[in-house]
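In: Quick check, what structure comes out for this input:
(one chain, ligands or ions: 1)
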Amino acid sequence: MNDDEIKSKDEISELPEESKILETQSEILMDNHQRIVNIRCVNVYKIFRQANLEVIALKGVNLDIYAGEIVVIMGPSGSGKTTLLNVISGMDRTSAGNIFIRGYDITRMNDQGVQKILQNEIGIVFQFFNLIPSLTAEGNIELPMTIAGKDSKFKKARVKQLIQDIDLKDRAHHRPFTLSGGEKQKIAIAMAFANNPTVILADEPSGNIDSISSENVMNIFKEFIRKNPNKSVVIVTHNPNLRKIADRTLIIKDGQIIRELGKLQPNRTGLNGKDDEGLQELDKIIQYKKDKDQVENILDPQIRYVEYKNLKNCPNCKSLNIIKKFDQDQGNFKLKNGQLITRASIFCQDCFQLSFKSVSLFDVQKNLI
Ligand SMILES: Nc1ncnc2c1ncn2[C@@H]1O[C@H](COP(=O)(O)OP(=O)(O)OP(=O)(O)O)[C@@H](O)[C@H]1O
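Out: Numbers count the residues shown, from 1 in each chain. Below is the predicted model of the structure:
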């Protein structure tokens, strides 16, 4: 069944006053190539403030997600992926910038308007499934429709269709604790589809399931877009396998989209193949962050001096009377030819010269005592 057959005109007229005004103001968004834009972020900022601490989680994100697309968002831990999904869904408010969902600017809506958009236009797949333990698979799938006020005849037909779509007929009456991770994830996806949203947002949908279930999840998303070419799926993940179904992959780092990768070519050797330049670059970024964290852990600011075996003498006067340490200033880690380069400083207690030497992370790890 094509999901568009389900959404009635009445549902649109149910939208609150404020969003109705916006609907008449904003036509369907199109880009320069006449593609329909289901999600548009314009210079989006999100700043978290806690006491004196300020974290800029999103720093001016601009993006368009088109109808018929599956877009994967990847990036190192803490780069802003979940924050981006949260502001797109309206679950969290932006600090600045605009977000349009199917033409509605949700940043200009009151909470009631955003809530309606969230109910009608957006389906969210959570990493930890978020199922109600006391309800059966069917009961969980029905829940978003009950919240949206759908009548029982509609709900019954829709649940039946969704259970069939996710191939879980024999588990329909089971409660979540009797289901596998993969089955729970399928139900979570059916819940996201329930109200026939324009946009599906999934946060690490393969995070807590095995690889076969992960393939199933990919197939469900692919099938959803094939049947509904006017809809979009956005997936945040660390799992490069999900790129297999992505039309585009956006790389986010430090709250900014820094790169866009296209569709994986079927003739390429594989996800980690030498020829997948973009993914290699992503690996480097993720590895860089991991290595940087690791170095920062080793270089505990409380421990000011670390011994570096390779440096025996002062480069200036060759004295052995030297103090060696790694420079821990922020920004002193660089990625060069795939190696994380940091800086060792050598202070000579005879000639009082301070010298520096670039060392790779490999050397740091090997030579630290
Ligand atoms: N509620 C919050 N209060 C304060 N800081 C937050 C909050 N939520 C996120 N952050 C910070 O914002 C930044 C981005 O976090 P976010 O969870 O979006 O990253 P992520 O890319 O999804 O990470 P991961 O891959 O580990 O899930 C991080 O520095 C995080 O600590």
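In: need the residues of the stretch 51-200 of the chain near the ligand, please.
Out: Applying C-beta under 6 Å from any ligand atom, one finds that the stretch 51-200 of the chain approaches the ligand through 55, 57, 75, 77-83. No exception for glycine: its C-beta is placed from N, CA and C like everyone else's.
In: Just the buried ones among the residues you listed, please.
Out: Burial by neighbour count, judged by 16 or more other C-beta atoms under 10 Å, picks out 57, 75, 79-83 from those.
In: quick one: which of the residues you listed is nearest to Leu179?
Out: Thr82 (25.0 Å; C-beta to C-beta).
In: Report the separation between the closest one and Gly123.
Out: Applying C-beta to C-beta, to the nearest Å, one obtains 17 Å for the distance of Thr82 from Gly123.
In: and the spatially most central residue of the chain, what pLDDT?
Out: When the chain is reduced to its mean C-alpha position, the nearest residue by C-alpha atoms, centre = their mean turns out to be Val236, at 2.7 Å. Per-residue confidence for Val236 comes out at a pLDDT of 94.
In: who are the neighbours in contact with it?
Out: Contact criterion C-beta atoms under 8 Å, 6 or more residues apart in numbering gives 72-74, 81-82, 84-85, 201-204 as the residues in contact with Val236.
In: CSV for the residues you listed, including pLDDT?
Out: Converted to CSV, these look like this (pLDDT from 0 to 100):
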residue, pLDDT
Val72, 94
Ile73, 94
Met74, 90
Lys81, 93
Thr82, 93
Leu84, 96
Leu85, 95
Leu201, 96
Ala202, 94
Asp203, 92
Glu204, 88
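In: Point me to the helix or strand that includes Asn196.
Out: Secondary structure from DSSP states H and E places Asn196 outside every helix and strand.
In: Which phi and psi values does the nearest residue to Asp254 once chain neighbours are set aside adopt?
Out: Once its chain neighbours are removed from consideration, Asp254 has its nearest residue in Ser79; the separation is 6.3 Å (C-beta to C-beta, 6 or more residues apart in numbering). Dihedral angles of Ser79 (phi, psi; degrees, to the nearest 10) stand at phi -80, psi -10.
In: all helices of this structure, in order?
Out: 9-13, 17-25, 81-89, 111-121, 137-147, 152-165, 181-193, 211-227, 277-298, 361-367 (DSSP state H).
In: Thr94 and Val61: what is the separation?
Out: According to C-beta to C-beta, Thr94 and Val61 sit 9 Å apart.
In: Spell out which residues are contacts of both of the two.
Out: Contacts common to Thr94 and Val61, judged by C-beta under 8 Å, 6+ apart, are 44-45.
In: Show me where the stretch 1-150 of the chain dips below the pLDDT cut-off.
Out: Within the stretch 1-150 of the chain, the stretches with pLDDT under 70 are 1-27.
In: try 90 this time
Out: Per-residue confidence for the stretch 1-150 of the chain (pLDDT under 90) gives these ranges: 1-35, 49-54, 75-78, 91, 103-104, 108-120, 126-135, 144, 146-150.
In: Could you do the stretch 251-369 of the chain as well?
Out: Using pLDDT under 90 as the threshold, the predicted model of the stretch 251-369 of the chain has low-confidence ranges 251, 253-254, 258-369.
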